[in-house]
Structures are given as structure tokens and as C-alpha cells.
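In: sequence-free structure coming up:
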């Protein structure tokens, strides 16, 4: 199965679990041994391979033991800074988004006697 936009979340989790299981078996590891190396419970390992919900930290620990952590680079590559943004920031990294609202018009402060 390929990971596509129209795949359900459940189908994606199941496919991830199957792939983790195949990598584990290719390394000739039991679920228990992989769970021990990753510092998670065997039940969590089983849930992960069955495509059930788990914490992202557990998934990262399993990927690390299977020597697959560097593959996350392909999943979410570091975005490049646009040339225009780079000039605006003079080489600094962007830390927050700007607000899309326009600045309100500045009005004279109201004071007593102005409404005559």
C-alpha cells in the first residue's frame, strides 16, 4: 500500500504497523526483544504493529532501534527559506508567523468638547 491523501488514518496506522513488523522480522527480533531495546512495553509494541494508536515517542524509539530514524528526513524534510524571506530576515531563521490583519487607522484620541 502507498501512503496517499485519501487513505484513512486507520489504514495508514495499519500499514505503518505492518512495515515496522516486517523490519523487525528482517532483523530477526521478537516483539518482546524490540520492545525491551526500545524501552517500551511488549503490549505497546503489539499495539503499534497492529495499527492501533500509540504515542509518537514510542514510534520514534522503535524506529531508532530498527535503524530507521533517519528516514524521517524523507517524511518531513526541512523546508527551505524563500529568497524573499531570507532578504527580509537578513539570514535569521523565522520564529513566528505574521498576522494577516491590516493595521487599524490611527485616529485622534477622543476628548471632552470635541463633539460640538
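Out: The structure has been received and is ready for your questions. As the structure is a computational prediction, the values presented were derived from the model and not from experiment. Numbers count the residues shown, from 1 in each chain.

In: shouldn't residue 64 be in contact with residue 38?
Out: Yes - at 7.2 Å, residue 64 counts as touching residue 38 under the criterion of Cβ atoms under 8 Å. Using the backbone N, CA and C atoms, a C-beta is placed for each residue, glycine as well.

In: Please enumerate the helices of the protein.
Out: Listed in chain order, the helices of the chain (DSSP state H) span 9-26, 31-38, 42-49, 56-65, 72-75, 83-89.

In: Dump those helices into TSV; add mean neighbour count as well.
Out: Shown next, in TSV, are the helices of the chain (neighbours: other Cβ atoms under 10 Å):
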stretch	mean neighbour count
helix 9-26	15
helix 31-38	18
helix 42-49	19
helix 56-65	16
helix 72-75	9
helix 83-89	11
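
In: and those as TSV, adding distance to residue 112 and mean pLDDT?
Out: Putting the helices of the chain into TSV (distance: least, Cβ to Cβ, whole Å; pLDDT from 0 to 100) gives the following:
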stretch	distance to residue 112	mean pLDDT
helix 9-26	61	93
helix 31-38	72	96
helix 42-49	69	96
helix 56-65	60	96
helix 72-75	63	88
helix 83-89	44	77
